[in-house]
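K.L.:
Could you look at this predicted model? Sequence included:
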Amino acid sequence: MSSKIQLNCQQCEKGFEHLNPKKKFCSNECRYLSLSNRFKQPNASCKNCSTEFKKSPSDKKIFCSRTCRNESLSKSKEIHQCIGCKKEFLTYKSNKRKYCSKNCFISYNKSAVIKNCLQCNKKFQIPPSAYKYNRGKYCSEQCSHESKKKRIIKICIKT
């Protein structure tokens, strides 16, 4: 019979005895800890607060938490002036917005199309792209919802 060999655990570095000389861990707990730590890189640094955090090699995380991510995004905003109404508005540095809102874009865009709302018959403007694809039938979401309600009621009455 073979005798037990004295080995050292690779995870907790405690001594243990086993028949197999290739055994690396003293228990399943140490084995699982080692497996979970194998895929973690301890030296990832947060781009916002510079604290170190663990991540796997395939992770593309650059922030240690959502809070740091949000702080970093809020720092990267800058003030722009709307070319339509001349109001100032906040946007990200990489964003090339010229107007403060969709309504302002439509109001000051010379190529906007004027249509009548199918629900209330009020006149409103839409961008040419919406007209091209037969969108922009209602002046507001409220009118759109009212129209859908009427169509549903008609369908229910017919059946």
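P.N.:
Okay, I see it. Numbering: from 1, shown residues only.

K.L.:
Need the distance between the two termini of stretch 106-126.
P.N.:
6 Å (C-alpha to C-alpha, to the nearest Å).

K.L.:
what does that stretch rub up against?
P.N.:
By C-beta atoms under 8 Å, 6 or more residues apart in numbering, the surrounding residues in contact with stretch 106-126 are 83-85, 99, 127-128, 130-131, 135-140, 143-144, 146-147. Every C-beta, even on glycine, is put in place using the N, C-alpha and C of the backbone.

K.L.:
in stretch 63-82, what's buried?
P.N.:
Neighbour counts using 16 or more other C-beta atoms under 10 Å place 63-64, 68-69, 80, 82 of stretch 63-82 among the buried residues.

K.L.:
Any chance of these in CSV with pLDDT as columns?
P.N.:
Putting the buried residues of stretch 63-82 into CSV (pLDDT from 0 to 100) gives the following:
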residue, pLDDT
63, 88
64, 87
68, 89
69, 88
80, 86
82, 89
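
K.L.:
Which of those residues fall within helices?
P.N.:
68-69 (DSSP state H).

K.L.:
Quick check: the farthest pair among the buried residues of stretch 63-82?
P.N.:
For the buried residues of stretch 63-82, the farthest-apart pair by C-beta to C-beta is 64 and 82; their separation is 36.0 Å.

K.L.:
Flag the shaky bits of this structure, pLDDT-wise.
P.N.:
Scanning the chain for pLDDT under 70 picks out 1-2, 37-42, 159.

K.L.:
those strands in it, which residues are they?
P.N.:
Counting by DSSP state E, residue ranges of the strands within the chain are 5-8, 15-18, 41-45, 52-55, 77-81, 88-92, 113-116, 123-126.
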